[in-house]
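[1] coords please:
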Amino acid sequence: MRIDIDKNRCIGAGQCALAAPGVFTQDDEGFSALLPGREDGGGDPMVREAARA
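    Below is the predicted model of the structure:
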(Lines give C-alpha, C1' and ligand atoms only; values in the text may rest on other atoms or scores of the structure.)
Protein backbone atom coordinates (compact mmCIF):
# COMPACT_ATOMS: atom_id res chain seq x y z
CA MET A 1 0.00 0.00 0.00
CA ARG A 2 1.27 3.47 -0.82
CA ILE A 3 0.03 6.38 1.28
CA ASP A 4 -0.41 9.90 -0.02
CA ILE A 5 -2.07 12.69 1.92
CA ASP A 6 -4.39 14.93 -0.08
CA LYS A 7 -3.63 18.32 1.46
CA ASN A 8 -6.72 19.76 -0.24
CA ARG A 9 -9.03 17.37 1.65
CA CYS A 10 -7.26 17.18 5.02
CA ILE A 11 -9.06 19.32 7.62
CA GLY A 12 -6.36 19.07 10.27
CA ALA A 13 -8.45 17.29 12.90
CA GLY A 14 -5.61 14.95 13.88
CA GLN A 15 -7.60 11.75 13.41
CA CYS A 16 -4.89 10.08 11.32
CA ALA A 17 -2.26 10.65 13.99
CA LEU A 18 -4.64 9.41 16.70
CA ALA A 19 -5.64 6.28 14.78
CA ALA A 20 -2.18 5.29 13.51
CA PRO A 21 0.51 7.19 15.44
CA GLY A 22 3.21 4.87 14.12
CA VAL A 23 2.56 6.12 10.59
CA PHE A 24 1.16 9.66 10.87
CA THR A 25 2.04 12.84 12.67
CA GLN A 26 0.92 16.44 12.27
CA ASP A 27 2.89 19.23 10.64
CA ASP A 28 3.38 22.68 12.17
CA GLU A 29 0.00 23.79 10.83
CA GLY A 30 -1.87 20.80 12.30
CA PHE A 31 -2.30 18.87 9.06
CA SER A 32 -1.47 15.20 8.63
CA ALA A 33 2.03 14.22 7.64
CA LEU A 34 3.70 10.85 7.19
CA LEU A 35 6.51 9.84 9.46
CA PRO A 36 9.75 9.36 7.52
CA GLY A 37 9.97 5.92 5.92
CA ARG A 38 6.28 5.12 6.49
CA GLU A 39 5.01 5.83 2.99
CA ASP A 40 4.03 2.16 2.69
CA GLY A 41 2.02 2.15 5.92
CA GLY A 42 4.59 0.08 7.76
CA GLY A 43 2.16 -2.82 8.05
CA ASP A 44 0.10 -0.88 10.60
CA PRO A 45 -3.43 -2.34 10.63
CA MET A 46 -4.89 1.02 11.69
CA VAL A 47 -3.88 2.85 8.50
CA ARG A 48 -7.19 2.08 6.82
CA GLU A 49 -9.06 3.33 9.90
CA ALA A 50 -6.97 6.50 9.83
CA ALA A 51 -7.89 7.05 6.16
CA ARG A 52 -11.55 6.50 6.93
CA ALA A 53 -11.46 8.95 9.85
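[2] residue 50 should be in a helix, yeah?
    Yes. Looking at residue 50 with DSSP: H, G, I helix; E, B strand; the rest coil, it is inside a helix.
[3] now do the contacts for it.
    Each residue near residue 50 by Cβ atoms under 8 Å, 6 or more residues apart in numbering is listed here: 15, 16, 17, 19, 20, 23, 24. (C-beta placed from N, C-alpha, C; glycine too.)
[4] helix or strand: which one has the third one?
    What that stands for is residue 17. Secondary structure from DSSP states H and E places residue 17 in helix 15-19.
[5] buried set for that helix?
    Across helix 15-19, burial judged by 16 or more other Cβ atoms under 10 Å covers 15, 16, 17, 19.
[6] wait, what's in contact with the first one?
    In other words, residue 15. Counting by Cβ under 8 Å, 6+ apart, residue 15 makes contact with 50, 53.
[7] so what pairs up with the closest residue to residue 5 other than its chain neighbours in the strands?
    Excluding its sequence neighbours, the residue lying closest to residue 5 (Cβ to Cβ, 6 or more residues apart in numbering) is residue 32, at 5.0 Å. In this entry, residue 32 is beta-bridged to residue 26, by DSSP bridges.
[8] pretty sure residue 32 is touching residue 26, no?
    Yes. Proximity of residue 32 to residue 26 meets the contact threshold set by Cβ atoms under 8 Å, at 6.3 Å.
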